[in-house]
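*Asks:* Whatever this is, show me its structure:
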Amino acid sequence: MLFIYLLLSTGIIVLDQWFKWWIVSQYSFGDSQTIIPNILSLTHIRNTGGAFSLFEGQQVFFIVITVVAVIAVIYYLVKHLHESKWLTLGLSFFLAGAIGNFIDRFRLGYVVDMFRLDFINFPIFNIADMALVVGVIMIFIYILLDERDKKNE
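*Replies:* Predicted coordinates:
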């Protein structure tokens, strides 16, 4: 069963890396193209920080924290695989997102971002970022539901 979750993570990482490669090969840095008017554009940028460009330029910090997080998630997945499919799926998404951005940071020194939401003032992001967010949301939902179940018992 662990194989399926790791395969999912690998698929997300491959999609993320392929899409980043495609953006870099098709768009010059800073170029933008509207995909859905007033909703979504593709914009090739480089992010040396984390979410919302926090800790900009702190690549060693991001590499170390990612390695620690990946080791912790893999350890937890192996030890608690059958605890909850919801939690395991969330951790798989988290793992994919962390590794997808880690590859960029390690290889390039920055993360390639490309999706811009035109209807709100929101940071430009990539597939790995989406996987991280989905994973964290699933983990939080699991924690909230697990705590509720514990209180009901």
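*Asks:* Below-threshold pLDDT in this protein: ranges please.
*Replies:* 51-55, 57, 147-153 (pLDDT under 70).
*Asks:* Mind giving me the packing neighbours of the helix or strand harbouring residue 22?
*Replies:* Counting by DSSP states H and E, the element that carries residue 22 is helix 2-26. Judged by 3 or more Cβ pairs under 8 Å, 6 or more residues apart in numbering; DSSP states H and E, helix 2-26 is in contact with strand 40-47, helix 59-79, helix 85-108, strand 111-117, helix 127-152. C-betas here are computed from N, CA, C, even on glycine.
*Asks:* how far is the very next helix or strand once past that helix from where the chain is centred?
*Replies:* Using DSSP H and E, the helix or strand that follows helix 2-26 in sequence is strand 32-36. Relative to its chain's centre, strand 32-36 lies at 22 Å (Cα atoms, centre = their mean, to the nearest Å).
*Asks:* May I have the strands that pair with strand 32-36, each with its orientation?
*Replies:* strand 40-47 (antiparallel) (DSSP bridges).
*Asks:* sorry, back to before: would you list the helices and strands packed on helix 2-26 in JSON lines and tack on mean neighbour count?
*Replies:* Below are the helices and strands packed on helix 2-26 laid out as JSON lines (neighbours: other Cβ atoms under 10 Å):
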{"stretch": "strand 40-47", "mean neighbour count": "18"}
{"stretch": "helix 59-79", "mean neighbour count": "14"}
{"stretch": "helix 85-108", "mean neighbour count": "21"}
{"stretch": "strand 111-117", "mean neighbour count": "20"}
{"stretch": "helix 127-152", "mean neighbour count": "15"}
